[in-house]
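Novice: after the sequence you'll find the predicted model.
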Amino acid sequence: MNASAKIGIGSSLSRVDGVEKVTGRAKYAAEYNVSGLLHGMAVNSRITKGKILSIDEAAARAVPGVVDVISHLNRPKQAWLDRSWKDELSIPGEPFKALHDDTVLFAGQPVALVVAETFEAARFAASLIEVRYEEEAHNVDFEASLAEKFTPSYLKRRNNYHPPKNRGDAEAAFAAAPVKMHGEYHLATEHHNPMEMHASTVEWHGDGTITVYDKVQGSQGTQAYLASAFGLGKKNVRVVNAYVGGGFGSGLRPQWQVQLAVMGAIHLERSVRVVMTRQQMFTHAHRPECTYSISLGAEPNGKLTTMINDATTSTSRFESNMEDIVVWGMMGYDCPNASGEYAIAPRDTYTSADMRAPGAATGMTLFEIAMDEMAYAAGVDPLDFRLLNYSEVDAMNGTPYTSKALREAYQEGAARFGWAKRSPEPRSMKEGRELIGWGVATGMWDAQFSKTAARAVLTADGKLEVASASSDIGTGTYTVMVQVAADTLGLPPEQITAKLGDSDLPEAPVEGGSWGAASTGAAVQLACQSVAKKLLSAADKLEGTPFRGVNGIEGLEFADGAMIRRDNPDIRVSLTEVMAAAGLDRIEVEETAKPGVHDMVSMARKSRNTHSAIFCEVRVDEELNQVRVTRVVNAVAAGRIINPKTARSQILGGVVMGMGMALHEETFADRTLGRWMNHNYAEYHVPAHADVHDIDVIFVHEPDPEVSPLGVKGLGEIGIVGTAAAIANAIYHATGKRVRELPITIDKLL
Ligand code: MOS
């Protein structure tokens, strides 16, 4: 049989959830209209730090429809009783606990919840709550916070945390380097802006159990968290996140709206929904601000001899959020001397958090601007400079990669872009009043695979359901599952249903870190292989036992709804016939894919990363300094691509977000008030359609059977990494002006 006839792995299947989404049938957390639902609206602190002295609720309670006002004074006793709880991605420190006591830790902290029969009544009444505070001095300014920066002992918060490993003598080599550069780089604070605001609908069943429809990237993490933090017990909490309207990391950890909604439900023994407003979305997760000092030294021909990295990122006073900022250049480039220092600086905001490619999107991007500067200092073409310093191995850890087709990405990207036609001098390309610039940068991210379970149920009508508690945060997980199942059991996609986003389903981690497709895909494959084995045993009941002597499922081909002998393709029997012969009305299995013993050895000895080469054209209006990103080619090496269509969409989204990082996104803190001032879409700018022109995505050939069972590396994050550097480098090439602070707003080009 011809395997390529299947709509399986490698085909551009349209999203299986696409119609549900565009017709509005797909339900998001705030769209479950359970009966008797109450609506909660948070009251946010107007001070940044201090104590709550009193809360005047009289006017709010007088509003028709208001049911109750909940604060630290009357919250359910069972909330926060268990001091040992952590959420799935807890970091060192003490996570924020809404309405725990009278302490205010950050501006916009929820200090009360007004619950009413309607959303409108709750929102109006919330505006009438008068809170008196005792204010304490605060600091939200990153520059000022640097005086208190500290280097945390490298607690392993996740298995992918890489403390910098120095090599050689970077300082001495820098002193001796014939060609050198030094720069201080900066990335502004950015806030996650997923389309769907954080929301929770808590359904109170009245029997001690609750169902929580939550906007979160992992159902079981939130289930475990609510069970412990509220003393509910896991079996009493079900969390559903079937559809997630974007996350970008803001939903990795449960946010305060779910704390409030559950408290409201417990307190009133009613179903309660809490939805954040867009402005409230600026009171929690955000990408840390970063300052990064980079010194590079090279031989006259451009061969790097040393790199000195020193970065600090922002965190809160109550938790230590750390990122991998300085390691990317140390891993990526061949350079005998390298050092990395990293610190975090606390300020009186909510804790900074993972945001699409946390660490790499910041560190690799800023490092790639420094690389461009060094290429110019050495008088070498920026692409040639990267190829000259190419490292075949992970240069920081001294380990080989399971695969690294970055060279091919540079070559194919350059060819598609037409890089060879670039004129090297800044300001040398012009059309009308537009200066034209071409820039290049490298991207890098982790390729991870996490333990994940999946269930497969094949019924006598030939329909298959695959299910896992994993999530689809918009990345295409549903579609990937259907394709892997179609591929493994040879069924048409229309006969396959994928279920996700429910804590009742087989165990899976939060969706993040770009491990979803590799992990959930592997689990689905394993479960479907297990179904295949059961089918092979069932085939023994077929008249004439045509499959006798087949040595395991490797001896079978599954296609067109049938199982086929590889050694005799004329023997083919439909799966439904096999099941009927054995009297089976269903085959149900559950399997867990996890890094095995063999893989663990390889994990310790090999590095697993995705890579990309980004080429970019900008046009800068010479009079207005307005920058347009007119052309981007992003060439990605990410192992096996399950679905070129959804994969391309991931890269497009990453590139657009990289454009935001390069040109627009920046949250400004008012130092006196301690608040984020531009907490809305009008003043926090993200790229709009008119900002987005040609984006071309290339996936280079990178077979890698070792990185994960399917050879998949993941794509959710690599698209943003380095993109802003390619834009910044193109702006330098266009204008001759080097801007080391992102975003590059018009004022910086004056
Ligand atoms: Mo991603 S920042 O791991 O959701």
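Specialist: That came through fine. Since the model is a prediction, treat every value here as computed from it, not as a measurement.
Novice: which residues in the stretch 651-750 of the chain form helices?
Specialist: Chain-ordered helices for the stretch 651-750 of the chain, with DSSP state H, counting those that start in this stretch as the definition, fall at 723-735.
Novice: where along it do the strands fall?
Specialist: The residue ranges that make up the strands of the stretch 651-750 of the chain, judged by DSSP state E, counting those that start in this stretch, are 669-670, 675-676, 694-699, 741-742.
Novice: centre of the chain to the host helix or strand of Asp384, how far?
Specialist: Secondary structure assignment for Asp384, by DSSP states H and E: helix 382-388. Centroid separation for helix 382-388 versus its chain: 29 Å, with CA atoms, centre = their mean, to the nearest Å.
Novice: elements contacting it?
Specialist: Other helices and strands packing on helix 382-388, by 3 or more CB pairs under 8 Å, 6 or more residues apart in numbering; DSSP states H and E, are helix 360-378, helix 406-417, strand 434-446. Backbone N, C-alpha and C define where each C-beta goes, glycine included.
Novice: let's see that with 6 Å instead.
Specialist: Of the remaining helices and strands, those touching helix 382-388 by 3 or more CB pairs under 6 Å, 6 or more residues apart in numbering; DSSP states H and E are helix 360-378.
Novice: what sits against Pro743?
Specialist: Taking CB atoms under 6 Å, 6 or more residues apart in numbering as the contact definition, Pro743 lies against 663-666.
Novice: with Lys234 instead?
Specialist: The contact partners of Lys234, by CB under 6 Å, 6+ apart, come to Ala227.
Novice: that older thread, give me the buried subset of the contacts of Pro743.
Specialist: The neighbour-count test (16 or more other CB atoms under 10 Å) marks 663-666 as buried among the contacts of Pro743.
Novice: just give me the closest of those residues to the ligand.
Specialist: Looking at these and their distance to the ligand, the nearest is Glu665, at 14.9 Å (CB to the nearest ligand atom).
Novice: hang on, the earlier thing: tabulate the buried ones among the contacts of Pro743 (CSV), appending distance to Lys77.
Specialist: As requested, those are exported to CSV (distance: CB to CB, whole Å):
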residue, distance to Lys77
Leu663, 50
His664, 46
Glu665, 42
Glu666, 42
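Novice: ok, so of the residues you listed, who is nearest Val510?
Specialist: Taking CB to CB as the measure, Glu665 is the one of these closest to Val510, at 24.0 Å.
Novice: show the contacting residues for the closest one.
Specialist: Residues in contact with Glu665 (CB under 6 Å, 6+ apart) are 190, 743.
Novice: ok, 7 Å please
Specialist: With contacts defined as CB atoms under 7 Å, 6 or more residues apart in numbering, the neighbours of Glu665 are 190, 685-686, 743.
Novice: before we move on, what about Val393?
Specialist: 399-401.
Novice: if you set the cut-off to 8 Å instead, what comes out?
Specialist: When contacts are counted by CB atoms under 8 Å, 6 or more residues apart in numbering, Val393 is found next to 399-401, 607.
Novice: can I get these in CSV including distance to the ligand and secondary structure?
Specialist: CSV is the format used below for the contacts of Val393 (distance: CB to the nearest ligand atom, whole Å; DSSP: H, G, I helix; E, B strand; the rest coil):
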residue, distance to the ligand, secondary structure
Thr399, 23, strand
Pro400, 26, strand
Tyr401, 21, strand
Ser607, 19, strand
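Novice: any residue of the top helix by length along the chain touching the ligand?
Specialist: Longest helix in the chain by number of residues, with DSSP state H as the criterion: helix 516-538. No: with CB under 6 Å from any ligand atom as the criterion, the ligand is not reached by helix 516-538; the gap is at least 9.3 Å.
Novice: need the pLDDT of Ala58.
Specialist: In the predicted model, Ala58 carries a pLDDT score of 98.
Novice: got the phi and psi for it?
Specialist: Ala58 adopts backbone torsions of phi -60, psi -50, taken as degrees, to the nearest 10.
Novice: what about it, distance to His267?
Specialist: Applying CB to CB, to the nearest Å, the value for Ala58 to His267 is 19 Å.
Novice: returning to what we had before: adjacent strands (with direction) for the helix or strand following the helix holding Asp384?
Specialist: From helix 382-388 onward toward the C-terminus, using DSSP H and E, the following helix or strand is strand 393-394. For strand 393-394, the pairing partners within the sheet under DSSP bridges are strand 399-400 (antiparallel).
Novice: how about residues contacting the partner strand?
Specialist: In contact with strand 399-400 (CB under 8 Å, 6+ apart) are residues 392-394, 605-607.
Novice: let me know the closest of those residues to the ligand.
Specialist: Sorting the contacts of strand 399-400 by distance to the ligand puts Ser607 at the head of the list, at 18.8 Å, by CB to the nearest ligand atom.
Novice: could you pull up the contacting residues of that closest one?
Specialist: Taking CB under 8 Å, 6+ apart, one finds 331, 393-394, 397, 399-402 in contact with Ser607.
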